[in-house]
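Peer 1: coords please:
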Amino acid sequence: MSAKTVSIETARNTMLGIGLLGILGILGIFAVVAVPAPNPAKPARQFAAPPVAPVVARVTAVAPAGIAPINARLAPSAPAAAPAAYRITSFLNRPEQFQHGDFIWNDEGIPAGPVLVTIDIGTQLIHVFRSGREIGTAVILYGADDSPTPLGTFPILGKDVHHVSSIFGAPMPYNLRLTGDGVAVHGSTHLQWGWATNGCIGVPVPFAKLLFGQVKVGDRVIVSRGKTPAIGAVIPLT
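Peer 2: Predicted coordinates:
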């Protein structure tokens with residue numbers, strides 16, 4: 001092998017060695033230098049949600065057709081206003097001979113409705129109307145000249161089945177009190193011509209019982225002289 005050839009090969013080998021060493025050096029650098037680990041992720045901060053007012057749905061109940069809402073059905077109804085006037089539509093057939101102690105009562109087929117009582121001192125008759133139709137009538141006793149029965153329109157102030165007069169001690173059954181001083185419509189056993197009361201209206205006891213069951217406190221009693229209403233009459237109650 002010539003000197004020149006050796007020199008070339010030697011140089012080539014040297015260059016290969018240097019190149020190999022350079023590659024190994026580079027690999028060593030990557031092996032020795034540690035790659036810094038990424039910073040651990042910070043936990044996300046939690047924020048409390050702002051308070052939210054609860055949502056209340058407003059539901060309007062709708063009743064089926066023809067059925068009133070329950071609050072309307074349960075609500076107390078207002079009391080019916082008293083009529084301002086009363087119309088007379090019929091009278092009972094009364095016999096010509098109608099004497100003390102006689103009475104007629106017939107409410108069959110008469111509808112329920114407001115009751116009105118009229119008393120005529122002139123004819124000595126009491127008339128009971130329901131829904132404008134007469135259901136009862138009787139011959140009465142009334143107050144003597146020195147204790148006259150007061151005239152006017154009186155609401156019934158009180159009812160007492162077994163009332164006894166605090167002044168005279170006399171029984172006054174089925175008492176319907178008209179005035180503060182004790183004038184009343186009540187049952188009487190002394191119904192005959194020539195007798196009188198101390199201002200009250202006396203009627204047959206069986207009639208008084210029927211009347212007592214028909215009226216209520218507040219119903220009107222009209223006492224007049226010679227003013228019995230006729231059919232079609234409209235009687236003011238105020």
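Peer 1: Could you verify that Lys209 is part of a strand?
Peer 2: No. Per DSSP: H, G, I helix; E, B strand; the rest coil, Lys209 lies outside any strand segment and is helix.
Peer 1: who's in contact with Gly226?
Peer 2: Contact analysis of Gly226 by C-beta atoms under 8 Å, 6 or more residues apart in numbering lists 120-123. In this view, the C-beta of every residue, glycine as well, is placed from N, C-alpha and C.
Peer 1: hmm, try it at 7 Å
Peer 2: Shown in contact with Gly226 (C-beta atoms under 7 Å, 6 or more residues apart in numbering): 120, 122.
Peer 1: what stretches of this structure score poorly on pLDDT?
Peer 2: 1-83, 238 (pLDDT under 70).
Peer 1: Do you have the helices of it handy? List them.
Peer 2: Using DSSP state H, the helices of the chain run over residues 3-32, 70-74, 205-214.
Peer 1: Restricting to C-alpha, output the last one in PDB.
Peer 2: Put plainly, it is helix 205-214. Extracted in PDB, the C-alpha atoms of helix 205-214 (Å, rounded to 0.1, in the frame of the first residue of the first chain):
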ATOM      1  CA  VAL A 205    -155.500  29.000  68.900                       C
ATOM      2  CA  PRO A 206    -155.300  26.400  66.000                       C
ATOM      3  CA  PHE A 207    -155.000  29.300  63.600                       C
ATOM      4  CA  ALA A 208    -152.300  31.000  65.700                       C
ATOM      5  CA  LYS A 209    -150.300  27.700  65.600                       C
ATOM      6  CA  LEU A 210    -150.400  27.600  61.800                       C
ATOM      7  CA  LEU A 211    -149.500  31.200  61.600                       C
ATOM      8  CA  PHE A 212    -146.700  30.800  64.000                       C
ATOM      9  CA  GLY A 213    -145.200  28.100  61.900                       C
ATOM     10  CA  GLN A 214    -145.400  30.200  58.800                       C
END
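Peer 1: which residues sit against that helix?
Peer 2: Contacts for helix 205-214 (C-beta under 7 Å, 6+ apart): 103, 105, 115, 128, 130, 136, 138, 159, 161, 173-174, 176, 186-187, 189.
Peer 1: Separate out the buried members of the residues you listed.
Peer 2: 103, 105, 115, 128, 130, 136, 138, 159, 173-174, 176, 186-187 (16 or more other C-beta atoms under 10 Å).
Peer 1: Of the residues you listed, which is the nearest to Leu92?
Peer 2: Gly136 (7.6 Å; C-beta to C-beta).
Peer 1: hang on, the closest one packs against Trp105?
Peer 2: Yes. Contact between Gly136 and Trp105 holds when scored by C-beta atoms under 7 Å: they sit 4.3 Å apart.
Peer 1: ok so, going back, with distance to Leu237 added, can I get the buried ones among the contacts of helix 205-214 in TSV?
Peer 2: Formatted as TSV, the buried ones among the contacts of helix 205-214 follow (distance: C-beta to C-beta, whole Å):
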residue	distance to Leu237
Phe103	25
Trp105	23
Val115	12
Val128	15
Arg130	15
Gly136	19
Ala138	22
Lys159	19
Pro173	27
Tyr174	23
Leu176	17
His186	23
Gly187	26
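Peer 1: Would you confirm that Val185 contacts Arg177?
Peer 2: No. If you go by C-beta under 7 Å, Val185 and Arg177 don't touch, sitting 8.6 Å apart.
Peer 1: ok, these two, which is more surrounded?
Peer 2: Counting neighbours by other C-beta atoms under 10 Å for Val185 and for Arg177 shows that Val185 has the greater number, 28 against 21.
Peer 1: Thanks again, I'm all set now.
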